[in-house]
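This is a predicted model, with the sequence first.
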Amino acid sequence: MKGSPRALTAESRANPALLLGRRVRVIEFAVMKWLVLVAGACLVFGCSSSGDDDDDDAFEGEPLECAWFTEQNCWISTFAGAPSCVPPSSETGVLSADGRSCTYTNGSSVVFRQPLVFPNLDDADEDNDFIESWNFTVKASDGSDCIRYEESDSGKQVVVRGQAYTELYRGFGMQVTCPDGKKYATPNAFDLLECDDYFSNAPSSAYAYSGSSISFSFGGLGSASVEAFSCAR
């Protein structure tokens, strides 16, 4: 585990290439990427954030409230087995020529469903989002699955040593499903942004890249983060 990455300034978010060393760091908090899309759609089409959705569309589960983010929640417990199976943090894996895999000398590896294509950071007009939706599997040195992570427009799922944590989004609502099947939900995820220290405690992922290297980590895990991989071509 490593210390949590710092947040980007507004200026570097608008133009990440302004960061020193031409290395871009992007941090995505729980629901934030999705809420940006929802908010954009509302500006175009108009919608209400009252949370009074039809019962058929409402998520089931115990209330997802501020206290959930500050307690020993299931996002944190899901990653309990990760430190023992992720690639060594002291080593940088080697990306394959086609950008679909990364291998380490100890036998660990990463398989990417979408090939990694590095952007040109010197081109200020280029979209600096490294990849639209992440989908990868980190394999331990013995070849077993360590972490499987997948994003989509409707949510995300991370599976660590067979323990699955899932977030689903619908309208303004959000539902969390823990490895034990317990569910938490809110009809209006915008309310979560008002929680104290939300950006310190919320489930998050972060990736940093240059013109030839990429690293990915998970945050919101207490005082530390879990680095899933660090690879270079």
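In hand now; what should we look at?

Name the spans of this protein whose pLDDT lies under the cut-off.
1-25, 27, 29-57, 120-131 (pLDDT under 70).

Need the residue closest to the centroid of it.
The residue lying closest to the centre of the chain (CA atoms, centre = their mean) is Ser205, at 3.1 Å.

Doesn't it lie inside a helix?
No - Ser205 is assigned strand when assessed by DSSP: H, G, I helix; E, B strand; the rest coil, not a helix.

which residues pair with it across the strands?
Listed by DSSP bridges, the beta-bridge partners for Ser205 are Glu28, Phe218.

how about it, what does it touch?
Neighbour list for Ser205: Ile27, Glu28, Trp134, Tyr149, Phe216, Ser217, Phe218, Gly219 [criterion: CB atoms under 8 Å, 6 or more residues apart in numbering]. In this view, the C-beta of every residue, glycine as well, is placed from N, C-alpha and C.

which other helices and strands contact the helix or strand harbouring the fourth one?
Think Tyr149. For Tyr149, the host element (DSSP states H and E) is strand 145-152. Contact analysis of strand 145-152 by 3 or more CB pairs under 8 Å, 6 or more residues apart in numbering; DSSP states H and E lists strand 135-139, strand 155-160 as its packing neighbours.

Show me what it pairs with in its sheet, parallel or antiparallel.
Sheet pairing for strand 145-152, using DSSP bridges, gives strand 135-139 (antiparallel), strand 155-160 (antiparallel).

returning to that earlier point: quick check: the gap between the residue nearest to the centre of the chain and Gly107.
25 Å (CB to CB, to the nearest Å).

how far does the strand holding Tyr149 sit from the chain's center?
Strand 145-152 sits 10 Å away from the centroid of its parent chain (CA atoms, centre = their mean, to the nearest Å).

buried residues in it?
Cys146, Ile147, Arg148, Tyr149, Glu150, Glu151 (16 or more other CB atoms under 10 Å).

what's the farthest-apart pair in those?
The span of the buried residues of strand 145-152, defined through CB to CB, is set by Cys146 and Glu151 at 17.9 Å.

all strands of this structure, in order?
Here the chain has its strands, by DSSP state E, at 24-29, 62-63, 93-95, 101-103, 109-112, 135-139, 145-152, 155-160, 163-170, 173-177, 183-186, 204-209, 213-219, 226-232.

Any chance of those strands in a markdown table with distance to Gly81 as columns?
Shown next, in a markdown table, are those (distance: least, CB to CB, whole Å):
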| stretch | distance to Gly81 |
| --- | --- |
| strand 24-29 | 23 |
| strand 62-63 | 25 |
| strand 93-95 | 20 |
| strand 101-103 | 21 |
| strand 109-112 | 17 |
| strand 135-139 | 12 |
| strand 145-152 | 8 |
| strand 155-160 | 6 |
| strand 163-170 | 7 |
| strand 173-177 | 18 |
| strand 183-186 | 22 |
| strand 204-209 | 18 |
| strand 213-219 | 13 |
| strand 226-232 | 10 |
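
Quick check: which of the ones you listed is nearest to Thr78?
That would be, of the strands of the chain and by CB to CB, strand 163-170, which comes in at 4.3 Å.

which outside residues touch the closest one?
30-31, 34, 57, 59, 74-75, 77-78, 80-81, 154-159, 174-179, 189, 203.
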